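Trainee: Just the structure for this:
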Amino acid sequence: MGNIFRRTSEKAIKVDSANTRDCISPRGASGLRRLGFKVKLDRLVFCGEGEASVQPPQGDDVNDDGEGGVVVNEDNFWMHVNGGKHYNDVARCCMDVAQDIMMETCGCRWVECTKGRVLCGGEERKDVLVVIPGKGRVDAGIMARSLLMKNGMRVGSVINIGERAWEEGWGVIMLAPNFSGSFQSGVAMATVKGQWEEVVMPLVRDSKGGSADVGRRKIHILAHSAGGAQVVECLRDCADGGAVGWLGKLCFTDSTHSLRQVSNEADLRAHLQNSELCRYWRTNSDLFGVEEYPVGSEFDVTIRDRDGKAEAANKRYWFGRFGTAPTHFCGTPDHASTTWKAEGEIIKFLFG
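Mentor: Alright, predicted model coming up:
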């Protein structure tokens, strides 16, 4: 059994029952083995051999992977994963495995920052995609821990979009706003700003600190939930009332940003409402059912409710926050699934 190492320590510290939560494996597979799991074909499989496993796998389970293990899914998840610490340990190791694979398939490597670390690859390329996840315990490149464990890394992470970006000749940067482990919005905002300043801004600044040739590089953005508000703050800070000529396409999934954040930056405000440069995907609601409004369907704030009354309040709210930015449904009411469900639309919008 391989050792597990504390994330930010320069020394290797052997894992025990007291520090498991704060430690990860250099290649998360060893941590999963300790917990009684493995990853096969990007899916989490319960083997029941780890010292911290919950219960033995069911031999007649229809999801048997053929090697005595049970593929974890929505139906059997809580049979094999306990809540609390065990959940966090399994999720941490699954994120490690997904990130290891993204390092190989998306050309990334870990880059240490003053405020954490980020996944970077191909920053020298003309086009660079920056990915910012939402609030919570998710790390760089991961959109939802629950989806990662229940449905696999191609559902719970941005590996498909990252691989496509790499194939298209783009660089990839995956920020980690939750690196500190704090759930305070201000801490996550400061973390993203620090990572943005150290990793992204040097790509578009010349040696004297001014803007580099705007025709030489474009920074494109994919942001989910609170990651949207965080990156808009970063853009506002570097716009400083002027144009952001290096800014490319923007993809937001259930983002919490608002045009009020850039009330004094006319060019950036216009960019956030440009139909060719910005797109927003939102979850479906009771009023906008999945069957009637599948993924890709356009959201119209003037749609009337079931009583025939215009949604005036909703219209004021939506236009006040997002203006005329083209908005589409992602085909699910589940907030955590928005990026995954809209993935095909996002890829089409970014790469044509």
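Trainee: residue boundaries of the strands in the stretch 1-150 of the chain?
Mentor: With DSSP state E, counting those that start in this stretch as the criterion, the stretch 1-150 of the chain has strands at 5-6, 23-24, 37-40, 43-46, 70-71, 109-113, 116-121, 127-132.
Trainee: With the stretch 251-352 of the chain instead?
Mentor: With strands called from DSSP E, counting those that start in this stretch, the stretch 251-352 of the chain shows them at 278-282, 327-329.
Trainee: what's the distance between Ser146 and Arg279?
Mentor: Noted for Ser146: a distance of 25 Å to Arg279, by CB to CB, to the nearest Å. Bear in mind the C-beta positions are built from the backbone N, C-alpha and C, glycine included.
Trainee: Can you pull the poorly scored residue ranges out of this protein?
Mentor: The model of the chain has pLDDT under 70 over residues 1-27, 49-68, 206-215, 240-243, 301-316.
Trainee: coming back round to it: just say which of the strands of the stretch 251-352 of the chain is most tucked in.
Mentor: Burial of these is given as mean neighbour count (mean count of other CB atoms under 10 Å); strand 278-282 ranks first at a mean of 23.
Trainee: quick revisit: compare the strands of the stretch 1-150 of the chain and give me the one nearest Ala229.
Mentor: Taking CB to CB, strand 127-132 is the member of the strands of the stretch 1-150 of the chain nearest to Ala229, at 9.7 Å.
Trainee: and the angle for the closest one with strand 116-121?
Mentor: 150 degrees (axes from the mean of the first three to the mean of the last three CA atoms, to 10 degrees).
Trainee: Which neighbouring elements make contact with strand 127-132?
Mentor: helix 159-167, strand 171-174, strand 218-224, helix 226-239 (3 or more CB pairs under 8 Å, 6 or more residues apart in numbering; DSSP states H and E).
Trainee: can you pull the buried residues of the longest one?
Mentor: What that stands for is helix 226-239. For helix 226-239, burial by neighbour count (16 or more other CB atoms under 10 Å) applies to 226-236, 238-239.
Trainee: In contact with Phe37, which residues?
Mentor: By CB atoms under 8 Å, 6 or more residues apart in numbering, the contact list for Phe37 reads Leu44, Val45, Phe46, Cys47, Gly50, Ser53, Val72, His80, Val90, Cys93.
Trainee: one more time with 10 Å, if that's ok
Mentor: Taking CB atoms under 10 Å, 6 or more residues apart in numbering, we find Phe37 in contact with 28-29, 31, 44-50, 52-53, 69-70, 72, 80-81, 89-90, 93-94, 97, 149.
Trainee: Same check on Asp237?
Mentor: Contacts of Asp237 by CB under 10 Å, 6+ apart are Lys193, Trp196, Glu197, Met201, Glu265.
Trainee: what does Ser180 give?
Mentor: Applying CB under 10 Å, 6+ apart to Ser180 gives the contacts Lys115, Gly116, Val187, Ala188, Ala190, Thr191.
Trainee: Can you get me a residue count around the third one?
Mentor: Using other CB atoms under 10 Å, Val187 has 16 neighbouring residues.
Trainee: what are the phi and psi angles of the spatially closest residue to it that is not a sequence neighbour?
Mentor: Sequence neighbours aside, Ser180 is the residue nearest to Val187 in space, at 5.5 Å (criterion: CB to CB, 6 or more residues apart in numbering). With angles defined as degrees, to the nearest 10, Ser180 sits at phi -70, psi -20.
Trainee: What distance do you get for Ser180 to Asp139?
Mentor: Counting by CB to CB - Ser180 and Asp139 are separated by 11 Å.
Trainee: Quickly list what's touching both of the two.
Mentor: Common neighbours of Ser180 and Asp139, using CB under 10 Å, 6+ apart, are Gly116.
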